[in-house]
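# This is a predicted model, with the sequence first.
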Amino acid sequence: MKRSSTVVAAVFVALLVLLRGGGFSVLRAQADSPPSPPQETSSPQLTPAPPGPSPLGMRTFSLRYKKVDDAYLLISPYVGPRGSVKMQPAQRTLTVQDVPENLQRISGLIGSYDVPPRSVEVAVQLILASSGEKSQEPAPPPIRGVIDRLNALSTRWTDYKMVGNARVLGTEGERSSLRVGDDYRVDFRIDQVSDETRVIRFKPFELSRREAAVEGNERYASIMQTVLNLRDSQLFIVGASKVEQSNRALFMTITASLQRP
């Protein structure tokens, strides 16, 4: 009995030593480890407020050469949703209110549009084509190139004859008239000239034929009236007249050449 008590006491002492040793090791390990850095707390991010709309500006444009109505139609597609345009035809002015970037674009448009009227030389040829017997005489030099182009389009015509040719110096915004041959007249108005695309717009462009005189009065009947947009110095060919079930047709060539200021 005494021996058992001694064994129990020895075991108890051993356990106590082990516990004390382990606790010392744990405490020392904790003491040797570096302190953990303090954790930062994130503050909420503030979203910046969206910028407000651009302030509106105002500009007044005075036109010297072109109509106020035409300038208004030109700039209308470029006016912003917050913009406005005030026309004063008597003063030949346009007052535009809009954001600065739109005002700058509109200023450039009006500056390139309101320029002195351009001069255009207009040359017209009338050529009678037929499908009868081919003439033995060679075609005159002015229409040889035209004949080649017509033959490339159609093989129906075998003979070509110059009816007349004429040229005139027209001015943008004004009407002009010229006689072509003995029986034809051309009337046109140069509506607009684009410096960007170098396109000349004719509105209207009309070809008329002289009718038999009645009591000495000369009269012309219109046989073709159209609107043309021609590139500078480019030859344009159009069928001017054709009688149904006829073996003849009238062709017209038009060349519009911009003159240097």
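Structure received. Residues are numbered from 1 along each chain as shown.

# Quickly list what V168 is bridged to.
V122 (DSSP bridges).

# Report how many residues lie close to it.
By other Cβ atoms under 10 Å, 15 other residues sit near V168. Placement of C-beta: from N, CA and C, glycine included.

# Distance of it relative to Q225?
Distance of V168 to Q225, given as Cβ to Cβ, to the nearest Å: 18 Å.

# can you check L150 too?
Taking Cβ to Cβ, one finds L150 at 22 Å from Q225.

# okay, these two: which has more neighbours?
Neighbours of L150 and Q225, each counted by other Cβ under 10 Å, are more numerous for L150; the result is 21 against 12.

# so T255 sits right up against A123, yeah?
Yes - counting by Cβ atoms under 8 Å, T255 touches A123, with 4.6 Å between them.

# For the protein, which residues score under the pLDDT cut-off?
Filtered on pLDDT under 70, the chain yields the residue ranges 1-50, 134-141, 155, 216, 242-245.

# in it, which spans are helices?
Applying DSSP state H to the chain gives helices spanning 2-32, 68-75, 100-113, 144-153.

# How about the spatially closest residue to V85 that is not a sequence neighbour: which residues does it bridge to?
Distances taken as Cβ to Cβ, 6 or more residues apart in numbering place V96 nearest to V85, at 5.3 Å, with adjacent residues excluded. Taking DSSP bridges as the rule, V96 bridges to R59, V85.

# and V96, what does it touch?
Going by Cβ atoms under 8 Å, 6 or more residues apart in numbering, V96 touches M58, R59, T60, F61, I75, V79, G83, S84, V85, K86, L103, I106.

# neighbours around V120, how many?
22.

# go on, A166?
Burial of A166 is recorded as 16 neighbouring residues (other Cβ under 10 Å).

# just checking, it touches R179?
Yes - between A166 and R179 a contact is recorded at 6.2 Å, counting by Cβ under 8 Å.

# Going through the contacts of V96, which ones are buried?
Listed as buried from the contacts of V96 are F61, I75, V79, G83, V85, L103, I106; burial here means 16 or more other Cβ atoms under 10 Å.
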